[in-house]
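Colleague: no sequence for this one, just the structure:
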Ligand code: ATP
Ligand code: MG
């Protein structure tokens with residue numbers, strides 16, 4: 001629903017900070033009624049929270065479709081055999097293992113190379129079928145040891161995972177560059193500035209990968225970045241040290257910062273194709289293994305990072321494109337907000353209408369906590385006009401109802 005009456009919303013806000021949450025994102029999201037914790041690292045997404053998650057998901061979906069990604073949905077429960085084939089069953093410590101009542105072993109998806117590689121290669125017969133890129137937006141499960149960062153480290157979390165298949169290293173590199181640009185657009189639309197960071201390629205490769213890092217003290221990574229150019233490296237693989245001159249641009253110095261990884265891109269090489277022995281026929285009629293790339297975005301983590309970046313002492317301040325609603329309409333002192341609620345709906349403006357009979361002070365405090373970008377107040381004191389204010393600004397304007405749409409759409 002693009003609009004909603006707050007009197008109908010089943011969630012409520014909480015005045016007090018939950019004692020079992022240590023990070024700002026989890027504290028504010030829980031207090032404002034966006035999420036509710038079931039256990040460490042596992043949350044329910046409530047009506048307001050799910051709207052935000054869907055908005056982030058849709059930004060990601062649009063940009064993945066724009067680079068030719070084809071959306072699919074893969075299973076989240078897998079037979080042990082595919083994880084044994086790649087070595088992940090024994091090597092990946094976060095892999096959740098499940099036993100059935102007949103003592104069969106299964107794994108829960110923590111990433112899905114094991115499913116996607118044989119799946120896509122079932123349909124790729126010759127070089128003419130390449131390149132291909134498929135993705136899904138699905139829940140992942142990881143047996144994480146420290147889930148104390150709210151949405152930043154879930155045991156269950158929402159991820160966009162794309163996998164690409166190529167004939168040559170050159171074609172992979174071409175797509176890799178396209179994806180890096182697409183990722184930067186994704187984060188920008190969410191209101192995040194992500195640094196492209198050199199990082200280790202993981203357990204199976206010596207190659208570097210690129211992580212997309214957003215500076216925040218709530219993050220769990222340390223990065224070194226140049227104060228003058230784009231150079232950025234995860235301290236895990238850095239040869240450089242803090243305070244040193246940047247060798248790339250010879251201008252800036254390297255500064256250290258805490259960051260959260262909101263996505264990454266990997267060159268998988270032929271590892272998975274070889275493990276499953278899946279090939280295509282090249283121009284000369286020879287069997288070849290495709291080169292694969294893998295591209296992840298932490299959708300639920302991004303939601304947490306956005307809250308870490310956009311808040312003040314009163315609550316969350318959602319960037320417009322991810323906000324649960326565009327407008328929070330408050331009816332004060334028995335004023336009738338029905339007309340403006342109707343007209344906003346007719347204009348396609350997403351609106352949460354606080355039609356409850358509670359004090360103005362409570363309504364204002366809740367609106368600030370929830371953090372919808374525009375607040376519109378109707379009140380008998382306003383002589384038929386309305387008050388409109390941005391969550392980011394202190395001063396409100398008193399305007400004619402007719403002007404409201406004009407202001408919002410600008
Ligand atoms: P991290 O180093 O933070 O554990 P990772 O290297 O294990 O991340 P990937 O396996 O590449 O991450 O997953 C792709 C993306 O999914 C990451 O860039 C991150 O944004 C997100 N992600 C990974 N683990 C979690 C988690 N436990 N909770 C929420 N998001 C996660
Ligand atoms: Mg991890």
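Modeller: It's in. The structure displayed is predicted, hence computed values, not measured ones. Ligands and ions are numbered 1, 2, ... in the order given.

Colleague: work out the gap between the least confident helix or strand in the chain by mean pLDDT and the centre of the chain.
Modeller: Ranking every helix and strand in the chain by mean pLDDT, DSSP states H and E puts helix 401-409 at the bottom, with a mean of 90. Between the centre of helix 401-409 and the centre of its host chain there is 31 Å, according to CA atoms, centre = their mean, to the nearest Å.

Colleague: list the helices and strands it packs on?
Modeller: Other helices and strands packing on helix 401-409, by 3 or more CB pairs under 8 Å, 6 or more residues apart in numbering; DSSP states H and E, are helix 338-346, strand 386-390. For the C-beta atoms, the positions are set from N, CA and C on the backbone; glycine is no exception.

Colleague: out of those, which is closest to residue 324?
Modeller: Closest to residue 324 of these, according to CB to CB: helix 338-346, at 14.9 Å.

Colleague: dump the helices and strands packed on helix 401-409 to TSV, plus mean neighbour count and distance to residue 210.
Modeller: Below are those laid out as TSV (neighbours: other CB atoms under 10 Å; distance: least, CB to CB, whole Å):
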stretch	mean neighbour count	distance to residue 210
helix 338-346	15	42
strand 386-390	18	35
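
Colleague: is residue 22 in contact with residue 148, as I believe?
Modeller: Yes - with contacts counted by CB atoms under 8 Å, residue 22 reaches residue 148, the gap being 5.4 Å.

Colleague: for ligand 1, what are the nearby residues on the chain?
Modeller: 111, 142, 144, 153-154, 157, 159, 261-264, 296, 298, 300-301 (CB under 6 Å from any ligand atom).

Colleague: distance of residue 37 from ligand 1?
Modeller: For residue 37, the distance to ligand 1 equals 14 Å [CB to the nearest ligand atom, to the nearest Å].

Colleague: buried residues in the helix or strand hosting that residue?
Modeller: Taking DSSP states H and E as the criterion, residue 37 maps to strand 35-39. For strand 35-39, the neighbour count (16 or more other CB atoms under 10 Å) marks 35, 37 as buried.

Colleague: can you give the contact residues for that strand?
Modeller: For strand 35-39, contacts defined as CB atoms under 8 Å, 6 or more residues apart in numbering pick out 18, 20-21, 26, 29-30, 43-46, 49, 151, 155.

Colleague: next helix or strand past that strand?
Modeller: Towards the C-terminus, the helix or strand next in line after strand 35-39, according to DSSP H and E, is strand 42-45.

Colleague: ok and the residue in the stretch 251-400 of the chain nearest ligand 1?
Modeller: Per CB to the nearest ligand atom, residue 298 is where the stretch 251-400 of the chain lies closest to ligand 1, at 2.3 Å.

Colleague: which ones are touching that residue?
Modeller: 157-159, 261-263.

Colleague: determine which two of the residues you listed are furthest apart.
Modeller: Taking CB to CB, no two of those sit farther apart than 158 and 261, at 14.9 Å.

Colleague: ok, back up a step: and which of the contacts of residue 298 is nearest residue 79?
Modeller: Using CB to CB, those come closest to residue 79 at residue 159, 20.8 Å.

Colleague: run the chain-centre distance for the lengthiest strand in the chain.
Modeller: Longest among the strand segments of the chain by residue count, using DSSP state E, is strand 254-269. Averaging C-alpha positions (CA atoms, centre = their mean) puts strand 254-269 15 Å from its chain's average.

Colleague: now do the same contact list for residue 214.
Modeller: Shown in contact with residue 214 (CB under 8 Å, 6+ apart): 187, 192-195, 259-260, 262, 305, 309.

Colleague: tell me the SS of residue 369?
Modeller: Classification of residue 369 using DSSP: H, G, I helix; E, B strand; the rest coil returns helix.

Colleague: ok, and the closest non-adjacent residue to it?
Modeller: Nearest residue to residue 369, sequence neighbours excluded (CB to CB, 6 or more residues apart in numbering): residue 315, at 3.5 Å.

Colleague: do the same with residue 324
Modeller: residue 51 (4.1 Å).

Colleague: what is the rounded mean pLDDT of stretch 146-157?
Modeller: Throughout stretch 146-157, pLDDT has a mean value of 95.

Colleague: just checking, residue 297 touches residue 261?
Modeller: No - using CB under 8 Å, residue 297 makes no contact with residue 261, being 10.1 Å away.

Colleague: more neighbours: which of those two?
Modeller: residue 297 (28 against 22; other CB atoms under 10 Å).

Colleague: what sits against the more buried one?
Modeller: Counting by CB under 8 Å, 6+ apart, residue 297 makes contact with 60, 159-160, 183, 186, 212, 262-263.

Colleague: partners of the helix or strand encompassing it, with directions?
Modeller: According to DSSP H and E, residue 297 maps onto strand 291-298. Sheet pairing of strand 291-298 (DSSP bridges) gives strand 156-166 (antiparallel), strand 254-269 (antiparallel).

Colleague: ranking those by burial, who's on top?
Modeller: strand 156-166 (a mean of 23; mean count of other CB atoms under 10 Å).

Colleague: is it true that residue 186 touches residue 58?
Modeller: No - using CB under 8 Å, residue 186 is not in contact with residue 58; the gap is 10.8 Å.

Colleague: who touches residue 44 in this structure?
Modeller: Taking CB under 8 Å, 6+ apart, one finds 35-36, 38 in contact with residue 44.

Colleague: what are the bridge partners for it, then?
Modeller: Under the criterion used here (DSSP bridges), residue 44 is bridged to residue 36.

Colleague: quick check: residue 376 touching residue 387?
Modeller: Yes - with contact defined as CB under 8 Å, residue 376 counts as touching residue 387 (7.1 Å).
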